[in-house]
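In: Mind folding the following:
(one chain, ligands or ions: 2)
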Amino acid sequence: MAKTKTIYACRECGASFPKWSGQCPDCGAWNSLEESVAAPAAAKGPKGRGNWAGTASAEVVRLADVQGEDSIRRLSSGLTELDRVLGGGLVPGSVVLLGGDPGIGKSTLLLQAQAHLAANHASLYVTGEESAAQVAMRARRLDLDPARLECLTETSLETVLATAAARRPAFMVVDSIQTLWTEALQSAPGAVAQVRECAARLVQFAKQSGCAVVLVGHVTKEGALAGPRVLEHMVDAVLYFESDSGSRFRLVRAVKNRFGAANELGVFAMTDKGLKAVGNPSAIFLSGQSEPAPGSCVLVTREGTRPMMVEVQALVAPSTLSNPRRVAVGIDQNRLGMLLAVMNRHAGIQIGDQDVFVNVAGGIRVNETASDLAIALALKSSLKEQALPKGLVAFGEIGLAGELRPVYNGEERLREAAGQGFDQALVPEGNLKGVKARITARGFRTLAQALQAV
Ligand code: TYD
Ligand code: MG
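Out: Ligands and ions are numbered 1, 2, ... in the order given. You can find the predicted model right below:
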């Protein structure tokens, strides 16, 4: 019998080493190396460079002859927002990883998608987390037709693959990848090596059979997908399910997508009949106050391919601490520090001795620099205790020299604002060129000018 070789693989980055150590030499994480069994090496290739005699050469294709994206028929999940995040639907033969906190609605979403797809395609729901009775109960609660839903409760990868190969589904859900285990490895289910090997075999299955596979992945306390990050490299798309605690709205974000725009955002509401797509998310992210309050400014941000209105709220209050607090929720903390410094240096606004809190309403995260101007306006509005005019929106990037820099898709953002009933916009001068949107847009070259204008 061949001797099994033990390796130590990092839980965080997936790198493997022959010896254990307290810190991963690759990514620097502490206590993340786990013992696992090395996968059996593949059959040895020919020895020595250039000695390829006996190896059959493979066929090379011209890209023009390859079936294009247009001729691929994407599978619609029946949920418009999920299709949008996927770039227009599931691509046959692709593998999607769906991550999210426990209880956020991953199983619910995929069961709903399966119920829609099952009408025209063979589909399979593999669950290693719940019993068939629990899945059936959920399907009944969601008013889905249980007659067409096929479920397999199994945790052995080999059995799952054999069943899938026999039934040839066009859509398969694996809930979750951490519960699967393969006989090829001796480590426990959920261990790095197991998760990686199971995912690799499922990717192989998807590519060979043309089945669209969705893997559910658990998320750790730090917010990263549990198990090795290598999973993200293997799959075609990585979707994250996010939510504000206590909110009934759920956001699905594509952090990677080989068949669509990354950072695309889908919005759902959790109801007693499952997840419902929210078609007009701008409406829910505005706080719904009819009269503007001090410290609030509406921003037109862009998530993936769609502009969206969100409300930025700021609170500036005198501090009793020697180190005043700087709290940012929904925006980058460092960005807030930078904005405060620029406002101080270039617009003469002193906030150094005040506590500063900034929050984006609706539990959404805004990662783009176009939010700078709206944050600065909200901060000034709170400091002066004066509300901004009603029907005003703002966007624009602020540079370290205090200049306002244009952002991309300005016209589209203005159109969205006009469509939502806003009538005034403060934007960088560079975004004014050729604007046709029905909104009064004022352009500024510097932050100081923009702050003075309101
Ligand atoms: P679930 O899909 O089991 O979450 P996950 O698979 O991500 O762990 O979601 C369960 C949660 O959703 C649970 O807290 C109850 C809630 N829920 C509803 O509010 N309405 C519904 O119709 C269903 C099925 C679940
Ligand atoms: Mg679940």
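
In: which strands and helices sit next to the helix ranked longest in the chain?
Out: Using DSSP state H to define each element, the chain has its longest helix at helix 192-209. In terms of contacts (3 or more C-beta pairs under 8 Å, 6 or more residues apart in numbering; DSSP states H and E), helix 192-209 is packed against strand 6-10, strand 33-37, strand 95-100, helix 157-167, strand 212-218, helix 230-234. Where you see a C-beta, it was placed from the backbone N, CA and C, and this is true even at glycine.

In: List the buried residues of the fourth one.
Out: Put plainly, it is helix 157-167. 157, 160-161, 163-164 (16 or more other C-beta atoms under 10 Å).

In: OK, now which residue of the stretch 151-300 of the chain is nearest to ligand 1?
Out: Scanning the stretch 151-300 of the chain for proximity to ligand 1 using C-beta to the nearest ligand atom identifies residue 274 as nearest, at 4.3 Å.

In: So that residue is in contact with residue 110, correct?
Out: No - using C-beta atoms under 8 Å, residue 274 makes no contact with residue 110, being 10.9 Å away.

In: picking up where we left off before, mind giving me JSON lines with the buried residues of helix 157-167 and columns for distance to residue 8 and pLDDT?
Out: Shown next, in JSON lines, are the buried residues of helix 157-167 (distance: C-beta to C-beta, whole Å; pLDDT from 0 to 100):
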{"residue": "157", "distance to residue 8": "23", "pLDDT": "95"}
{"residue": "160", "distance to residue 8": "28", "pLDDT": "96"}
{"residue": "161", "distance to residue 8": "28", "pLDDT": "96"}
{"residue": "163", "distance to residue 8": "33", "pLDDT": "95"}
{"residue": "164", "distance to residue 8": "32", "pLDDT": "95"}
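
In: Against ligand 1, which of those residues make the cut? List them.
Out: Restricting these to those within reach of ligand 1 (C-beta under 6 Å from any ligand atom) leaves nothing.

In: Just put those residues in CSV and tack on distance to residue 19.
Out: Output for these, formatted as CSV (distance: C-beta to C-beta, whole Å):
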residue, distance to residue 19
157, 29
160, 34
161, 34
163, 39
164, 38
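
In: which one of these sits closest to residue 117?
Out: residue 164 (15.0 Å; C-beta to C-beta).

In: rank the helices and strands packed on helix 192-209 by pLDDT, which is bottom?
Out: Of all the helices and strands packed on helix 192-209, mean pLDDT reaches its minimum on strand 33-37 (a mean of 76).

In: Contacts (any at all) between ligand 1 and whatever helix or strand comes next after that strand?
Out: As assigned by DSSP states H and E, the chain's next helix or strand after strand 33-37 is helix 80-85. No - against ligand 1, helix 80-85 shows no contacts by C-beta under 6 Å from any ligand atom, the least distance being 13.6 Å.

In: which residues are contacting helix 80-85?
Out: 74, 76-77, 89, 109, 113, 239, 252-254, 257, 260, 264-268, 277-279, 304, 306 (C-beta atoms under 8 Å, 6 or more residues apart in numbering).

In: If any of those are buried, put those into a ChimeraX selection.
Out: In ChimeraX syntax, the buried subset of the contacts of helix 80-85 is picked out as below (16+ other C-beta under 10 Å):
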select :74,76,77,89,109,113,239,252,253,254,257,260,264,265,266,267,268,277,278,304,306
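
In: Could you tell me which of the contacts of helix 80-85 belong to strands?
Out: 239, 252-254, 257, 265-268, 277, 306 (DSSP state E).

In: which of these are close to ligand 1?
Out: Okay, of the ones in strands among the contacts of helix 80-85, nothing touches ligand 1 (C-beta under 6 Å from any ligand atom).

In: could I get the residues you listed as CSV with distance to residue 145 and pLDDT?
Out: As requested, the ones in strands among the contacts of helix 80-85 are exported to CSV (distance: C-beta to C-beta, whole Å; pLDDT from 0 to 100):
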residue, distance to residue 145, pLDDT
239, 25, 93
252, 24, 91
253, 30, 89
254, 29, 90
257, 30, 93
265, 30, 87
266, 24, 90
267, 26, 90
268, 21, 92
277, 19, 91
306, 32, 83
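
In: with those residues in mind, which one is nearest to residue 138?
Out: Nearest to residue 138 out of these is residue 268 (C-beta to C-beta; 16.2 Å).

In: my read: that closest one touches residue 252, true?
Out: Yes - applying C-beta under 8 Å, one finds residue 268 in contact with residue 252, separated by 6.9 Å.

In: shared neighbours of these two, anything?
Out: Common neighbours of residue 268 and residue 252 (C-beta under 8 Å, 6+ apart) are 81, 109.

In: Report the central residue of this protein.
Out: residue 253 (2.9 Å; C-alpha atoms, centre = their mean).

In: burial of the residue of the stretch 151-300 of the chain closest to ligand 1, as a residue count?
Out: As a burial measure, residue 274 scores 21 neighbours (other C-beta atoms under 10 Å).
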